[in-house]
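Novice: pasting a predicted model and its sequence here:
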Amino acid sequence: MASMNRRQFMGQTAGAAASLAIVPRHVLGGPEQKPPSETLNIAGIGVGGQGGADLHSVASETIVALCDVDWERAAETFKRYPNARRYRDFRLMLEKEKDIDAVVIATPDHVHAVAAMTAIKMGKHVYVEKPLAYSIHEVRRLTEEARKAGVVTQMGNQGHAAEAMRLLKEWIEDGAIGTVRQVEAWTPHAVWPQGIDRPKETPPVPETLSWDLWLGPAPQRPYHPAYAPVTWRGWWDFGTGALGDMGCHILDPVFYALELTPPTTVEASFSTFVPEGLTWDKKFNTESYPRASIVRYRFPARGDKPPLELTWYDGGLMPERPSELEAGRMMGNMFGGLLFVGDEGKMICGAHGADGLRIIPEAKMKAYDRPAKRLPRSIGHHEEWIAACKGGPQPGSNFDYAGPLTETVLLGNIAIRAQQRIHWDPVKMKITNVPEANAYLGRDYRPGWSL
């Protein structure tokens, strides 16, 4: 035991036997005291905003280190964990802090992959906010490397742990609305500026912000508050638009309940914006995402399940209101929603874990004889990850699940950029009919950054 370091003692995988990963409470601690072997050392990368909320959800463990490129935005989180060491560069933090067991990553999208990969290669368990990565190439690499390293993973689509997710799957498999062949999905996002040109002003970088570290692997450009701290999602170089922000939440119930495999075709239409000096024949905005878009996915048959047509709407665009939905009832919730169309009826729900799931009309919901609950229920989204890091079962949104979901979301953005229908071969990881669109599967990094 004297020659075994702490990380070896904690164990690396969810499959490790609990008897080896956790010393029984009666050996190292009294009945009211947690022994060290039952407590993870967790570090945060990107700890302002959502990152601070994620850390609060895992605060049952020991928060040992915090990293953020903007110390003003991170100030509240720094204050909440005064004993945690502070860093600006996650690479330096992971190199110096030898006792880190797991990391929580909530940076802008373009840094997700490089931060997660650095941690995975060092044997750390990782929790990464949605979307899992900025590009499909990054998604595949992260999923493969995490599997190879045997670390525990979880993507931050918190609704995956919701009760309504299980009910949705149970009801559909019970035949509540018959065979589902069509799904409509929508969100009012984007709620940040999109369809705009790159700002021309070059204001000074705030003293509390390390702009070079904020850029990370993304192409070099001058600082502007239009990008950071909160409006980066709308820019092609940094975010993944409304689809990347909300798609991993809203499409999650569809993937889970209908057991989707990757789509075969994806096609998009979108609002246009003409930057000053360009003509209509060059109307595509390469700086920021469209203000609104519609993306049409086609999924193949899966076993006894038929092909599925899934249509995504954002920016205030909506599917036709179903006649079965009573007047005065909201479609979904303020974040968006889903409409499942079956051979024998329809179901509707809101964003985030099938919130407010109902068969429509309400009379049909009241008459439905609900099946017995048969699927395992979640102990909580963050709690699943913590338990798995200590030898428990795999979390529900681990990278093997979250990877294909994110990949589908990102294919929608590629269809927007390609401006035509794309045919996807997931085995070869290749767009077969528009060869030039394969350039959008990944991108080159700035010098000094790599996977």
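Specialist: That came through fine.

Novice: can you list the domain ranges for the protein.
Specialist: 6-157, 160-441 (automatic domain parsing).

Novice: tell me which of those lies nearest to residue 451.
Specialist: Closest of the domains of the chain to residue 451 is domain 6-157, at 4.8 Å (criterion: CB to CB). From N, CA and C alone the C-beta is placed, and that goes for glycine too.

Novice: ok, back up a step: redo the domains of the chain as JSON lines? Include distance to residue 448, mean pLDDT and mean neighbour count.
Specialist: Shown next, in JSON lines, are the domains of the chain (distance: least, CB to CB, whole Å; pLDDT from 0 to 100; neighbours: other CB atoms under 10 Å):
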{"stretch": "domain 6-157", "distance to residue 448": "10", "mean pLDDT": "85", "mean neighbour count": "20"}
{"stretch": "domain 160-441", "distance to residue 448": "9", "mean pLDDT": "95", "mean neighbour count": "18"}
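
Novice: can I get these in JSON lines including distance to residue 449?
Specialist: Formatted as JSON lines, those follow (distance: least, CB to CB, whole Å):
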{"stretch": "domain 6-157", "distance to residue 449": "6"}
{"stretch": "domain 160-441", "distance to residue 449": "4"}
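
Novice: hang on, residue 411 in a helix?
Specialist: Yes - under DSSP: H, G, I helix; E, B strand; the rest coil, residue 411 falls within a helix.

Novice: nearest residue to it in space, please, no chain neighbours.
Specialist: In this structure, residue 411 finds its nearest non-sequential neighbour in residue 266, 4.8 Å apart by CB to CB, 6 or more residues apart in numbering.

Novice: who are the packing partners of the helix or strand encompassing the one you found?
Specialist: Using DSSP states H and E, residue 266 maps to strand 265-270. Packing partners of strand 265-270 (3 or more CB pairs under 8 Å, 6 or more residues apart in numbering; DSSP states H and E): strand 293-299, helix 399-418, strand 422-425.

Novice: CA atoms only: put it into PDB for me.
Specialist: Coordinates of each C-alpha in strand 265-270 appear next as PDB, following Å, rounded to 0.1, in the frame of the first residue of the first chain:
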ATOM      1  CA  THR A 265     -29.200  12.700 -45.100                       C
ATOM      2  CA  VAL A 266     -29.300  16.200 -43.700                       C
ATOM      3  CA  GLU A 267     -30.600  19.300 -45.500                       C
ATOM      4  CA  ALA A 268     -31.000  22.900 -44.200                       C
ATOM      5  CA  SER A 269     -32.600  26.200 -45.100                       C
ATOM      6  CA  PHE A 270     -31.800  29.400 -43.300                       C
END
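
Novice: just how off-centre is that strand within its chain?
Specialist: 21 Å (CA atoms, centre = their mean, to the nearest Å).

Novice: what does it contact?
Specialist: Where contact means CB atoms under 8 Å, 6 or more residues apart in numbering, the residues beyond strand 265-270 that reach it are 290, 292-298, 411-412, 414-416, 419-424.

Novice: ok, which stretches of the stretch 151-300 of the chain are strands?
Specialist: Ranges of strands in the stretch 151-300 of the chain, per DSSP state E, counting those that start in this stretch, are 153-156, 180-186, 265-270, 293-299.

Novice: show me the one of the ones you listed that comes nearest residue 383.
Specialist: Among the strands of the stretch 151-300 of the chain, strand 153-156 comes nearest to residue 383, with 10.4 Å by CB to CB.

Novice: and that closest one, how far out from the chain's middle?
Specialist: Put simply, strand 153-156 sits 7 Å off its chain's centre (CA atoms, centre = their mean).

Novice: quick one: strands adjacent to that strand?
Specialist: Paired neighbours of strand 153-156 in the sheet (DSSP bridges): strand 125-129 (parallel).

Novice: ranges for the helices of the stretch 351-451 of the chain?
Specialist: 362-367, 381-389, 399-418 (DSSP state H, counting those that start in this stretch).

Novice: can I get those in CSV with distance to residue 132?
Specialist: Formatted as CSV, the helices of the stretch 351-451 of the chain follow (distance: least, CB to CB, whole Å):
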stretch, distance to residue 132
helix 362-367, 34
helix 381-389, 14
helix 399-418, 4
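
Novice: residue 96 is nearest to which of those helices?
Specialist: Closest among those, once you apply CB to CB, is helix 381-389, at 21.3 Å.

Novice: now that closest one against strand 125-129, angle please.
Specialist: Helix 381-389 runs at 160 degrees relative to strand 125-129, counting by axes from the mean of the first three to the mean of the last three CA atoms, to 10 degrees.

Novice: how far off centre is helix 381-389?
Specialist: With CA atoms, centre = their mean as the basis, helix 381-389 stands 16 Å off its chain's centre.

Novice: which residues are in contact with that helix?
Specialist: For helix 381-389, contacts defined as CB under 8 Å, 6+ apart pick out 10, 14, 40, 54, 57-58, 60-61, 101-102, 125, 127, 152, 154, 156, 158-161, 378-379, 392-398.

Novice: in this structure, which residue is most central in space?
Specialist: In the chain, the C-alpha nearest the mean C-alpha coordinate belongs to residue 130, at 1.8 Å (CA atoms, centre = their mean).

Novice: contacting residues for the nearest residue to that one once chain neighbours are set aside?
Specialist: Excluding the flanking residues, the one nearest residue 130 by CB to CB, 6+ apart is residue 248, at 3.8 Å. Applying CB under 8 Å, 6+ apart, we find residue 248 in contact with 130, 131, 132, 155, 157, 402, 405, 406, 409.

Novice: got those residues as TSV, with distance to residue 304 columns?
Specialist: Below are these laid out as TSV (distance: CB to CB, whole Å):
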residue	distance to residue 304
130	30
131	30
132	29
155	28
157	27
402	25
405	22
406	27
409	26
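
Novice: identify, from these, the entry nearest to residue 237.
Specialist: Ranked by distance to residue 237 (CB to CB), the contacts of residue 248 are led by residue 131 at 15.2 Å.

Novice: and that closest one, what does it touch?
Specialist: Residues in contact with residue 131 (CB under 8 Å, 6+ apart) are 109, 112, 155, 240, 244, 245, 247, 248, 406, 409, 410.

Novice: leaving out chain neighbours, which residue sits closest to residue 182?
Specialist: If the residues on either side of it in the chain are set aside, residue 182 comes closest to residue 341, at 4.1 Å by CB to CB, 6+ apart.

Novice: quick one: contacts for that neighbour?
Specialist: For residue 341, the contact set (CB under 8 Å, 6+ apart) comprises 177, 180, 181, 182, 183, 184.

Novice: how does it look with 10 Å?
Specialist: 177, 178, 180, 181, 182, 183, 184, 309, 319, 322, 347 (CB atoms under 10 Å, 6 or more residues apart in numbering).

Novice: one more: residue 175?
Specialist: Applying CB under 10 Å, 6+ apart, we find residue 175 in contact with 342, 343, 344, 345, 371.
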